[in-house]
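> Take this sequence and fold it.
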Amino acid sequence: QVQLVESGGGLVQAGSSLRLSCAASGRSFSRLSMGWFRQTPGKERELAAAISISGSSTYYADSVKGRFTISRDDAKNTVYLEMSSLKPEDTAVYYCAADTTIRYGTIGSARVDYEYWGQGTQVTVSS
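Model (predicted):
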């Protein structure tokens, strides 16, 4: 079992920055690949960014490339999502997710690849 708790969401203006954190417990964090998904009402939950075990590989959706940075601190069992130049279309509930499958050279990009999920944190970007 893995427990994930997100924090750092809030209401910000367009162009601002925000950092989300996700604290993990219950299983060896260093052996988990981690992802940040986001979802708006009526839409599918989409992967915004992901990071592999050890942080050697990352993935970003085209819509966030160059603006978002995912990182991990295995000593703190925490994954971060640094978001800059925020746009109103970034408004969503952001979910942290953990993938327990050891993937060599790849990162899970589908929702079904991730077995454990946090409760989500709301990010609202006003124009």
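
> Report the buried residues of stretch 101-119.
107-108, 111, 113-114, 116-118 (16 or more other CB atoms under 10 Å). Bear in mind the C-beta positions are built from the backbone N, C-alpha and C, glycine included.

> nearest to residue 83, of those residues?
Distance to residue 83, by CB to CB, is smallest for residue 118 among the buried residues of stretch 101-119, at 16.3 Å.

> hang on, that closest one packs against residue 93?
No: using CB atoms under 8 Å, residue 118 is not in contact with residue 93; the gap is 10.2 Å.

> Need the nearest residue in space to residue 53, chain neighbours excluded.
Once flanking residues are discounted, residue 53 sits nearest to residue 33: 5.7 Å by CB to CB, 6 or more residues apart in numbering.

> Show me what the one you found is bridged to.
residue 99 (DSSP bridges).

> The buried residues of stretch 101-119 into a markdown table, with extra columns for secondary structure and pLDDT?
A markdown table is the format used below for the buried residues of stretch 101-119 (DSSP: H, G, I helix; E, B strand; the rest coil; pLDDT from 0 to 100):
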| residue | secondary structure | pLDDT |
| --- | --- | --- |
| 107 | coil | 90 |
| 108 | coil | 89 |
| 111 | helix | 91 |
| 113 | helix | 94 |
| 114 | coil | 96 |
| 116 | strand | 97 |
| 117 | strand | 98 |
| 118 | coil | 98 |
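
> helix or strand for residue 86, which one?
Residue 86 belongs to no helix or strand when assigned by DSSP states H and E.

> Relative to residue 38, how far out is it?
12 Å (CB to CB, to the nearest Å).

> Could you tell me which residues touch both of those two?
The contact sets of residue 86 and residue 38 overlap at residue 123 (CB atoms under 8 Å, 6 or more residues apart in numbering).

> buried stuff in stretch 73-88?
74, 77-81, 83, 86.

> re earlier: which one of the buried residues of stretch 101-119 sits closest to residue 97?
residue 114 (3.7 Å).

> right, and that closest one touches residue 101 too?
No: counting by CB under 8 Å, residue 114 stays clear of residue 101, with 9.3 Å between them.

> residues contacting the spatially closest residue to residue 76 that is not a sequence neighbour?
Once flanking residues are discounted, residue 76 sits nearest to residue 23: 7.7 Å by CB to CB, 6+ apart. By CB under 8 Å, 6+ apart, the contact set of residue 23 is 4-5, 7, 76-78.
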